[in-house]
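J.: 3D model of this:
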Amino acid sequence: MSIINAYHPDSEPIIKASDLQPPIAGFPKTVVGSFKEIDPFLAPYDAQIIEEAGHRLVAPVWRVNYKGSDIALFQARVGAPVTVAAMEKLRAMGAEQFLFYGYCGVLDRDIARGGILLPTAAYRDEGTSYHYALPDESYITVPTAARLQETLTELELPYTCTKAWTTDAFYRETRAAMEARRAEGCGVVEMECAAIMAMAQFYGLPAYQFFFAEDCLDGEAWDRRNLGHVPQNEQARWLQIALEVACQIERRYT
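T.: Here you go, the predicted structure:
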């Protein structure tokens, strides 16, 4: 028995998110999850807490009315298992679609720091996706990528499309693995995309994701760039971009 035998779509889960989380009346359909800190940047949006920490998978959930669109917002935690567990809880609350954003490492030094990167598929070098999708393919597609491209183009936000390498093993991002993924068209490495897309497709929910480039793995040594030292005005801008994108997605596709 191995991870590739973990997918049992016709077998009922013993514990469901709905066993722990009842639905919340009037919960926003669209949820934005940020892998960067957002609490210091919420004041301009009059964010209201919908749900406190609960069982610590989502802590807390805010409601933001952005340009007339009701959007839920939460601080996502890094890593595929906890991210998908949070999605399960948010789905039980009433979420119908997700938008995630955060930082990533780049596998090509020519990708500029801070640029928007849009994944079209994600390599499954983690475990969570194998519980939500057949193991037949090494990559999970991102079916919402075309919609996100249209939205970013409409907002006049430049972006680069690429495949993503999703891995659980942060300290085992070896040069051999990096070169193999890069040869397959991966321009970024991160820790959640494959699992996010597998979970969303399992339930038939739209999930969108984009990244901002930070550190670089393409070189003789790791280049930290500004990892962990992103200026606050830049982080505030990322949040505004995410809310703008979520607003456009809700208006155009729901």
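
J.: what's around Leu243, how many residues?
T.: 19 (other C-beta atoms under 10 Å). The C-beta positions use only the backbone N, C-alpha and C, and glycine is treated the same way.

J.: check Arg113 too.
T.: With other C-beta under 10 Å as criterion, Arg113 counts 16.

J.: so who does it touch?
T.: Counting by C-beta atoms under 8 Å, 6 or more residues apart in numbering, Arg113 touches 213-214, 225-226.

J.: low-confidence ranges, the stretch 101-250 of the chain, go.
T.: The stretch 101-250 of the chain contains residues with pLDDT under 70 at 114, 228.

J.: mind listing the helices for it?
T.: 145-154, 175-183, 193-203, 232-253 (DSSP state H, counting those that start in this stretch).

J.: contacting residues around the shortest one?
T.: Contact partners of helix 175-183, identified using C-beta under 8 Å, 6+ apart, comprise 107-108, 123, 125, 163, 165, 167, 189, 217-218.

J.: could you measure from Leu99 over to Ser138?
T.: Per C-beta to C-beta, to the nearest Å, Leu99 is found 25 Å from Ser138.

J.: which pLDDT value goes with Val58?
T.: According to the prediction, Val58 has pLDDT 67.

J.: equivalent analysis for Ala47, please.
T.: Predicted confidence (pLDDT) for Ala47: 90.

J.: what's it sitting at in phi/psi?
T.: phi -70, psi 130 (degrees, to the nearest 10).

J.: for Arg77, same thing?
T.: Given degrees, to the nearest 10, the pair of backbone angles that Arg77 has is phi -100, psi 150.

J.: for it, which non-adjacent residue is spatially closest?
T.: Thr83 (6.7 Å; C-beta to C-beta, 6 or more residues apart in numbering).

J.: rewinding a little: the helices of the stretch 101-250 of the chain: which one's closest to Pro13?
T.: Closest approach to Pro13 among these (C-beta to C-beta): helix 193-203, 11.4 Å.

J.: give me the distance from that closest one to the chain's centre.
T.: 10 Å (C-alpha atoms, centre = their mean, to the nearest Å).

J.: with stretch 235-254 instead?
T.: 14 Å.

J.: what residues of that stretch count as buried?
T.: 235-236, 238-239, 241-250 (16 or more other C-beta atoms under 10 Å).

J.: wait, is Ala72 part of a strand?
T.: Yes. Assessed with DSSP: H, G, I helix; E, B strand; the rest coil, Ala72 lies in a strand.

J.: that one contacts Ile49, correct?
T.: No. Ala72 is not in contact with Ile49 according to C-beta atoms under 8 Å; the separation is 10.7 Å.

J.: how about the nearest residue to Asp223, chain neighbours excluded?
T.: Cys216 (4.1 Å).

J.: wait, what's in contact with that neighbour?
T.: So Cys216 contacts 105-106, 109, 111, 222-223, 225 (C-beta under 8 Å, 6+ apart).

J.: show me what it is bridged to.
T.: Val106, Asp223 (DSSP bridges).

J.: distance of it relative to Asp108?
T.: 8 Å.

J.: quick one: Ile3 and Ser129 touch, right?
T.: No. Contact status for Ile3 versus Ser129: not in contact, 9.5 Å apart, counting by C-beta under 8 Å.

J.: contacts for stretch 75-88?
T.: In contact with stretch 75-88 (C-beta under 8 Å, 6+ apart) are residues 17, 33-35, 37-39, 57-59, 74, 95, 98, 100, 102, 126-129, 132, 166, 168, 191-192, 194-196, 199-200.
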